[in-house]
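Asker: Next comes the sequence, and after it the predicted model I'd like to discuss.
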Amino acid sequence: MEDGSHCLKLFTIVLFCLSLVSAHRVHEYDKHPLSKFNVYKTTLGFRDSVIITATPLILGSKGEDTAWVTVDLVNPDPSDDDWVAVYSPANFNSSTCSVENDEFQSPYLCTSPIKYKYANFSNANYNQTGNNTLKFQLINQRADFSFALFSGGLSNPVLVAVSNAITFSNPKAPLYARLAHGKLWNEMTVTWTSGYSIDEAVPFVEWGLKGEETRTRSPAGTLTVEQNSMCGAPARTVGWHDLGFTHTSFLTNLWPNTVYSYRMGHILSNGSYVWGKNYTFKSSPYPGQDSLQRVIIFGDMGKGERDGSNEYSSKDPGALNTTDQLIKDLPNYDIVFHIGDISYADGYVADWDQFTAQVEPIASAVPYMVASGNHERDWPDSGSFYTSTDSGGECGVIAETLYYVPAENRAKFWYSTDYGMFHFCVADSEHDWRKGSEQYRFLEQCLASVDRRKQPWLIFVAHRPLGYSSNDWFGEEGSFEEPMGRDDLQRLWQKYRVDIAFYGHFHAYERTCPIYQNVCVNSEESHYSGTMNGTIHVVVGGGGHHLGSFFDTIPNWSLYRDADWGFVKMTAFNRSSLLFEYKKSRDGEVYDSFTINREYKDVISCVHDSCGPSTLAS
């Protein structure tokens, strides 16, 4: 027995190490574009003959939070490796350096830019003429901006010139509204970002039934992220950017399926008001309510740059396609689940502002529910289940602050939430989920608590593929899962009859048959009815990040694989009819689908490992 126990422990350790190798392999070709800038190697080489100017001086004069800026460049000594960086705040010299940087000798910089372009961008003649005009798109990030010209490329940067400063008319304005469910079905939370501390202004949300004059004002709590709360570099050093203040207000006692209007506000110390934009949302249906209900699910999106800055086009090449398709289709769905790897900031903190601005048209109109992924949470000795450095030193702090989720403890990013006939159990794959863990106990309670007569559609969500996936590295390891993933959880999925389990992490789409213990329990592929005896597992990690590869051999349980960007839409027509659709981000068309039709008796019928032992009364 002792030898067997030792072997079991050794086997567990080997599996865990394999999981770390997988994470490392992804990380090697997944470096952030700004990490290529050798900031500490920067030298100063200012030249009076170089002129760089930015216009207009004041942005957003009509209240806009996005603006295009023209940067004119005159350089008598141009070269191929000249590049122009966007900095905010405009003053980015060494006086802003933190204690961690004291070991470096001046002259040096200690701050990465927000983004950059090569000086010859869209103009090959720059190398001969030294003249070019660049267009940058900026968002309001609570500080002024300047533009810096570097020579020497990214590896040996020489700071040659800095432009004039430009600023938004109100850099502190309340911006980037994002909705999320509260802990009660009739509660909606509104979270936003501003530059106002609670010492300067009182935050609140003004809201009411759309079209009616009566308004309610709900106060908001305020959180902020400090540099010393980051766990390591680059988030704690060169990638740090002040995120301002995050405010969250709770709108309560909402009527079901009712349209409300709202706007964020701040009361300044002098009694005047600063207002955000006007928005609307539709409240959630009563749990179990029989009505048309539509859900969007995807993972691993990241952010794009509409002005073509740096290499985001190769890091997150599908992000804007997915965002734009969801904005286009906004009237046709009710709630979004972004299941981990949200912004891919990876410790370059300014990306979080840019991501919240990117999805603001979606997140301000429907609940935008998120899950924790490795690029939000993982950091050595931080309590993460994995020891990778994928979060870039953020160790979950930023995601847990910027996005509200109805968890008991937002540092433990697991929670349940309802949308009408759907019940969602959202796991945190970056914390231990195995039997005996705190999260396992929560997940069993979450799955057991649903009344399937009222909420027949039971959905499990996690970032990493804890069920089934035939991506290349899982196939090479022979597990076809996150190591240790389904060892304990498949008992819960079967016992409580989970309809569909969703995952991200692998950047593609894959759907399995209804499966239990590696065996397909239903031979159908596009229509399911009758007794429910297995869970369908779906990887939908093609939200926008660079695409992954599948294992050459297709397992018999894999019904559809697609290495492209896309998302899933589920439509519940009533308690007995569900439509599942996989749509590509490039065109919004459906490329895979199936339907489920069944009655309540089909959910509670006993199948293998779904019902406890019973006795026959005498």
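Answerer: Looks like it arrived, so ask away.
Asker: buried sites along the helix or strand harbouring Lys601?
Answerer: According to DSSP states H and E, Lys601 maps onto helix 600-604. The neighbour-count check on helix 600-604 (16 or more other CB atoms under 10 Å) flags 602-603 as buried. C-betas here are computed from N, CA, C, even on glycine.
Asker: just the CA coordinates of that helix, formatted as CSV?
Answerer: Taking C-alpha atoms only, helix 600-604 is exported to CSV below (Å, rounded to 0.1, in the frame of the first residue of the first chain):
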residue,chain,number,x,y,z
TYR,A,600,-37.9,17.1,-17.9
LYS,A,601,-38.1,13.3,-17.5
ASP,A,602,-35.2,13.0,-19.9
VAL,A,603,-33.0,15.0,-17.5
ILE,A,604,-33.8,13.1,-14.3
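Asker: so how far is that helix from its chain's centroid?
Answerer: Remark: helix 600-604 is offset 35 Å from the chain centroid, using CA atoms, centre = their mean, to the nearest Å.
Asker: what's that helix in contact with?
Answerer: For helix 600-604, the surrounding residues in contact (CB atoms under 8 Å, 6 or more residues apart in numbering) are 452-453, 456, 497, 529-532, 575.
Asker: Can you select the buried ones among those residues for me in ChimeraX?
Answerer: Here is the ChimeraX command that picks out the buried ones among the contacts of helix 600-604, judged by 16+ other CB under 10 Å:
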select :452,456,497,532,575
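Asker: how about the contacts of helix 600-604 in CSV, adding distance to Val519 and pLDDT?
Answerer: Shown next, in CSV, are the contacts of helix 600-604 (distance: CB to CB, whole Å; pLDDT from 0 to 100):
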residue, distance to Val519, pLDDT
Arg452, 24, 97
Arg453, 29, 96
Pro456, 24, 97
Arg497, 16, 97
Ser529, 20, 96
Gly530, 18, 93
Thr531, 16, 93
Met532, 15, 92
Arg575, 28, 96
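Asker: would TSV of the contacts of helix 600-604 with secondary structure be doable?
Answerer: Formatted as TSV, the contacts of helix 600-604 follow (DSSP: H, G, I helix; E, B strand; the rest coil):
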residue	secondary structure
Arg452	coil
Arg453	coil
Pro456	coil
Arg497	coil
Ser529	strand
Gly530	coil
Thr531	coil
Met532	coil
Arg575	coil
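Asker: Name the nearest of the contacts of helix 600-604 relative to Gln354.
Answerer: Gln354 has its nearest neighbour among the contacts of helix 600-604 in Pro456, at 39.5 Å by CB to CB.
Asker: I'd assumed Arg575 was in contact with the closest one.
Answerer: Yes: applying CB atoms under 8 Å, one finds Pro456 in contact with Arg575, separated by 5.0 Å.
Asker: shared neighbours of those two, which are they?
Answerer: With CB under 8 Å, 6+ apart, Pro456 and Arg575 have common neighbours 421, 600.
Asker: can you map out the strands along the stretch 351-500 of the chain?
Answerer: Along the stretch 351-500 of the chain, counting by DSSP state E, counting those that start in this stretch, strands occupy 368-370, 415-419, 422-426, 457-461, 500-503.
Asker: And the chain, split by domain according to the record?
Answerer: The domain map for the chain lists 51-168, 288-604, with the assignment taken from the TED database.
Asker: any idea which of the ones you listed is most buried?
Answerer: Stretch with highest mean neighbour count among the domains of the chain: domain 288-604 (a mean of 21; mean count of other CB atoms under 10 Å).
Asker: can you give me the end-to-end distance of that domain?
Answerer: Terminal residues of domain 288-604 are spaced 17 Å apart (CA to CA, to the nearest Å).
Asker: re earlier: closest to Asn75 out of the contacts of helix 600-604?
Answerer: The shortest approach to Asn75 among those belongs to Pro456, at 65.8 Å (CB to CB).
Asker: From His463, how far out is that closest one?
Answerer: Separation of Pro456 from His463 (CB to CB, to the nearest Å): 25 Å.
Asker: my read: Val336 touches Ala371, true?
Answerer: No: using CB under 8 Å, Val336 and Ala371 do not qualify as a contacting pair, with a distance of 11.6 Å.
Asker: From Gly304, how far out is the residue sitting nearest the centre point of the chain?
Answerer: Central residue of the chain (CA atoms, centre = their mean): Ile342, 1.6 Å from the mean position. As judged by CB to CB, Ile342 and Gly304 stand 14 Å apart.
Asker: Gly612 belongs to a helix?
Answerer: No: assigned with three-state DSSP, Gly612 falls outside any helix and is coil.
Asker: confidence score at it?
Answerer: We have a pLDDT of 74 for Gly612.
Asker: what do you get for Ser618?
Answerer: Residue-level confidence at Ser618 comes out at 43, pLDDT.
Asker: How about Ser449?
Answerer: At Ser449, the pLDDT value in this model is 97.
Asker: Adjust the sequence numbering to begin at 24 for everything that follows.
Answerer: From this message on, residue numbering opens at 24, which makes the last subject Ser472.
Asker: which one is it nearest to, not counting chain neighbours?
Answerer: Ser439 (7.5 Å; CB to CB, 6 or more residues apart in numbering).
Asker: How about Gly244?
Answerer: Leaving out its chain neighbours, the residue that sits closest to Gly244 by CB to CB, 6+ apart is Thr271, at 5.5 Å.
Asker: Not counting its own residues, what contacts the helix or strand where the one you found lies?
Answerer: Assigned by DSSP H and E, Thr271 falls within strand 268-274. With CB under 8 Å, 6+ apart as the test, strand 268-274 has contacts from 197, 205, 210-221, 226-228, 230, 239, 241-248, 283, 285, 287, 424-425, 427.
Asker: can you check stretch 541-557 too?
Answerer: Residues outside stretch 541-557 that contact it (CB under 8 Å, 6+ apart): 517, 520, 522, 535-539, 579-580, 582, 616-621, 625-626, 628, 630-631, 633.
Asker: let's go with 6 Å and repeat that
Answerer: With CB atoms under 6 Å, 6 or more residues apart in numbering as the test, stretch 541-557 has contacts from 520, 536-539, 580, 582, 617-621, 625-626, 628, 630.
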